[in-house]
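**Student:** got a predicted model here, sequence first, then my questions.
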Amino acid sequence: MRSSSPSPTRGIGSLGLSLALVSAFAFGGSGTAAKPLIEAGLSPLHVVWLRVTGAAVVLLPLAYRHRDAVRQRPGLLLGFGLLAVAGVQACYFAAISRIPVGVALLIEYLGPPLLLAYVKFVQRRPVSRGAAIGAGVAVTGLACVVEVWNGLGFDALGVAFALGAACCQVGYFVLADAGRRGDKPIDPIAVSAYGLLIGAVVLTAFTRPWQADWSLLGGSVTMNGHSLPAVLPAAWMVLVATVLAYLTGVVAVQHLSPPVAGVVANLEAVVATVLAWVLLGEHLGAPQLLGGALVLAGAFAAQTSKPAPAPAPERTVAAAGASDPVTGSGGGRDAEDGVDVEDVPRDAVRGSA
């Protein structure tokens, strides 16, 4: 009787999904932690600078440990810092200064469908039907979560900034996945550490942190009617919503396909809304609860879908009469160069676990 053992691919995919969920939950808490600091007097841009720079400082020892990555893949690290860190943050906050937050959030989370289009039409890799359907369902759910119908004002520049955030989000998943590819793959920890370090340098030039009143961090802030030290939400925002979120997110992308990881990342908006309900007292309506269920359903559909089949390699047909003299069959070996076509690896595209 043959005993069955867990598939290594299934185990890797389960790890990737677990890390993607941790990342989504960690990212989702950033707004809840940032809001008391903003209400206390810090500007949104200065809160973003605190978040990214604080995380970069925490990860400095890891950056030094992986300093060889700067020589091996400098372009990838620079791109991740500009797009996945500074670009997403700057474009999103520029967008919400001109259009409603809900609309900006929805447009930003068009990133997964844009990612599917990039994979299919630019990289020319097959995309599973489940991932495509899951992305569509998740975006529909996001529209309900943010109640987009409550603020449909159109501002061309604001929409452009939000689309820029969505494109930068695509860069996050593509560059995180690219780190493991090529002749010189680099550790995902190095991608996160140097990405945040580069993002902090770029944001410093735009946010001018020396103009902020950082003495506010020594006082107290109010969260849902309760007073607590300002350093607590600041520490949560840096350590959990940034350090943990980026580290687990980049590793997750390298275990899952970027499209699947992108759909799972939509859970961030649901987590943000639920945490705002529990910790900030912001009420959730029936449409938001329905939207959260749709996002969960979309993420589940994407994760449980089968990978899209890759094109089969062309087989070399042996000439007539070149059959194996022992077995009398073709044997699957090319008559001229002796390459066994059964041993040629297929370029399988990662889908779900």
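**Tutor:** Good, I have the coordinates. Numbering: from 1, shown residues only.
**Student:** which phi and psi does Arg124 have?
**Tutor:** Arg124 adopts backbone torsions of phi 60, psi 40, taken as degrees, to the nearest 10.
**Student:** give me the pLDDT for it.
**Tutor:** Reading off the confidence values, Arg124 has pLDDT 77.
**Student:** and it, how far from Pro61?
**Tutor:** Shown here: Arg124 relative to Pro61, a distance of 40 Å by C-beta to C-beta, to the nearest Å. The way it works is simple: take the backbone N, C-alpha and C, and place the C-beta from them, glycine included.
**Student:** what about those two, which has more around it?
**Tutor:** The residue with more neighbours, out of Arg124 and Pro61, is Pro61; 10 against 7, by other C-beta atoms under 10 Å.
**Student:** where's the more buried one, which helix or strand?
**Tutor:** In this structure, Pro61 sits in helix 60-65 according to DSSP states H and E.
**Student:** residues of that helix that come out buried?
**Tutor:** Using 16 or more other C-beta atoms under 10 Å as the test for burial, helix 60-65 gives Leu62, Ala63.
**Student:** check which element follows the lowest-mean-pLDDT helix or strand in the chain along the chain.
**Tutor:** Considering only helices and strands, the least confidently modelled element of the chain by mean pLDDT, DSSP states H and E is helix 101-108, at a mean of 66. Toward the C-terminus, helix 101-108 is succeeded by helix 111-117 as the next helix or strand (DSSP H and E).
**Student:** which helices and strands does that following helix pack with?
**Tutor:** Here helix 111-117 is seen to pack against helix 129-145, helix 156-178, helix 258-264 when contacts are counted using 3 or more C-beta pairs under 8 Å, 6 or more residues apart in numbering; DSSP states H and E.
**Student:** swap the cut-off to 10 Å and go again
**Tutor:** Packing partners of helix 111-117 (3 or more C-beta pairs under 10 Å, 6 or more residues apart in numbering; DSSP states H and E): helix 129-145, helix 156-178, helix 258-264, helix 286-304.
**Student:** I'd like the distance from that helix to the chain centre, please.
**Tutor:** Averaging C-alpha positions (C-alpha atoms, centre = their mean, to the nearest Å) puts helix 111-117 11 Å from its chain's average.
**Student:** just the CA atoms of that helix, as CSV, please.
**Tutor:** What follows is helix 111-117, C-alpha atoms only, in CSV (Å, rounded to 0.1, in the frame of the first residue of the first chain):
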residue,chain,number,x,y,z
GLY,A,111,-3.2,47.1,-9.0
PRO,A,112,-4.0,43.3,-9.1
PRO,A,113,-6.0,43.6,-12.4
LEU,A,114,-3.2,45.7,-13.8
LEU,A,115,-0.7,43.1,-12.6
LEU,A,116,-2.6,40.4,-14.4
ALA,A,117,-2.5,42.5,-17.6
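**Student:** avg pLDDT for it?
**Tutor:** 71.
**Student:** cool, stretch 225-242 as well?
**Tutor:** Averaged across stretch 225-242, the pLDDT comes to 91.
**Student:** just the buried positions in it, please.
**Tutor:** The neighbour-count check on stretch 225-242 (16+ other C-beta under 10 Å) flags Ala230, Pro233, Ala234, Trp236, Met237, Val238, Val240, Ala241, Thr242 as buried.
**Student:** ok so, going back, just put the helices and strands packed on helix 111-117 in TSV and tack on mean pLDDT, mean neighbour count and distance to Val201.
**Tutor:** Supplementary listing: those in TSV, determined by pLDDT from 0 to 100; neighbours: other C-beta atoms under 10 Å; distance: least, C-beta to C-beta, whole Å:
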stretch	mean pLDDT	mean neighbour count	distance to Val201
helix 129-145	75	23	32
helix 156-178	83	21	17
helix 258-264	72	31	26
helix 286-304	69	20	34
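**Student:** in CSV: these, plus distance to Thr204.
**Tutor:** Rendered in CSV, the data for these read as follows (distance: least, C-beta to C-beta, whole Å):
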stretch, distance to Thr204
helix 129-145, 32
helix 156-178, 18
helix 258-264, 29
helix 286-304, 34
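**Student:** roughly how far apart are the residue nearest to Trp49 when sequence neighbours are not counted and Ala94?
**Tutor:** Leaving aside its sequence neighbours, Trp49 sits nearest to Thr207 (C-beta to C-beta, 6 or more residues apart in numbering; 4.4 Å). The spacing between Thr207 and Ala94, counted by C-beta to C-beta, is 12 Å.
**Student:** thinking again about what came up before, could I get the buried residues of stretch 225-242 in CSV, plus columns for secondary structure and distance to Glu39?
**Tutor:** As requested, the buried residues of stretch 225-242 are exported to CSV (DSSP: H, G, I helix; E, B strand; the rest coil; distance: C-beta to C-beta, whole Å):
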residue, secondary structure, distance to Glu39
Ala230, coil, 11
Pro233, helix, 11
Ala234, helix, 13
Trp236, helix, 16
Met237, helix, 14
Val238, helix, 18
Val240, helix, 20
Ala241, helix, 17
Thr242, helix, 20
